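Participant: Only the shape, not the letters, is given here:
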């Protein structure tokens with residue numbers, strides 16, 4: 001048989017890597033890339049399971065899927081951290097260092 005690569009396996013791997021790196025951008029980019037990567041991985045996995053002898057590169061797809069899960073988890077934690085930070089010190093304090101120090105002193109009880 002003529003084996004061929006899964007259509008989106010490399011793209012899923014790249015999106016998984018970007019989702020891990022994207023958690024540093026307030027988590028939004030990482031969430032989007034991770035979710036898109038999982039959707040593409042699900043389609044390719046169904047394609048592979050329908051006819052496993054026709055396709056190669058399933059290991060790359062599995063690796064990309066794991067990276068997407070890790071990227072989503074890290075990005076979700078970053079988003080939760082940012083929400084908690086904005087709730088405790090306020091959005092205006094994030095751009096003003098002196099106001100941030102003042103609000104942190106108030107939270108610490110000093």
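Facilitator: Right, received. Where do you want to start? Predicted model, so just to flag it, every value in this text is computed and none were measured.

Participant: Output the contacting helices and strands for the lengthiest helix in the chain.
Facilitator: For the chain, the helix that runs over the most residues, judged by DSSP state H, is helix 58-89. Helix 58-89 sits against helix 9-21, helix 28-50, helix 97-108, with contacts defined as 3 or more Cβ pairs under 8 Å, 6 or more residues apart in numbering; DSSP states H and E. C-beta: built from backbone N, CA, C; applies to glycine.

Participant: Show me how far the second one is from its chain's centre.
Facilitator: Pointing back at helix 28-50 there. On the basis of Cα atoms, centre = their mean, to the nearest Å, helix 28-50 is displaced by 12 Å from the centre of the chain it belongs to.

Participant: Quick one: list the elements packing against that helix.
Facilitator: Counting contacts by 3+ Cβ pairs under 8 Å, 6+ apart, helix 28-50 packs against helix 9-21, helix 58-89.

Participant: Can you list the neighbours in contact with the first one?
Facilitator: The set of residues that contact helix 9-21 without belonging to it, under Cβ atoms under 8 Å, 6 or more residues apart in numbering, is 29-31, 33-34, 36-37, 40-41, 44, 57-58, 60-61, 63-68, 70-72, 74-75.

Participant: Kindly report the same for stretch 43-54.
Facilitator: Contacting residues not belonging to stretch 43-54 are listed as 1, 3-4, 6-9, 12, 55, 58, 61, 65 [Cβ under 8 Å, 6+ apart].
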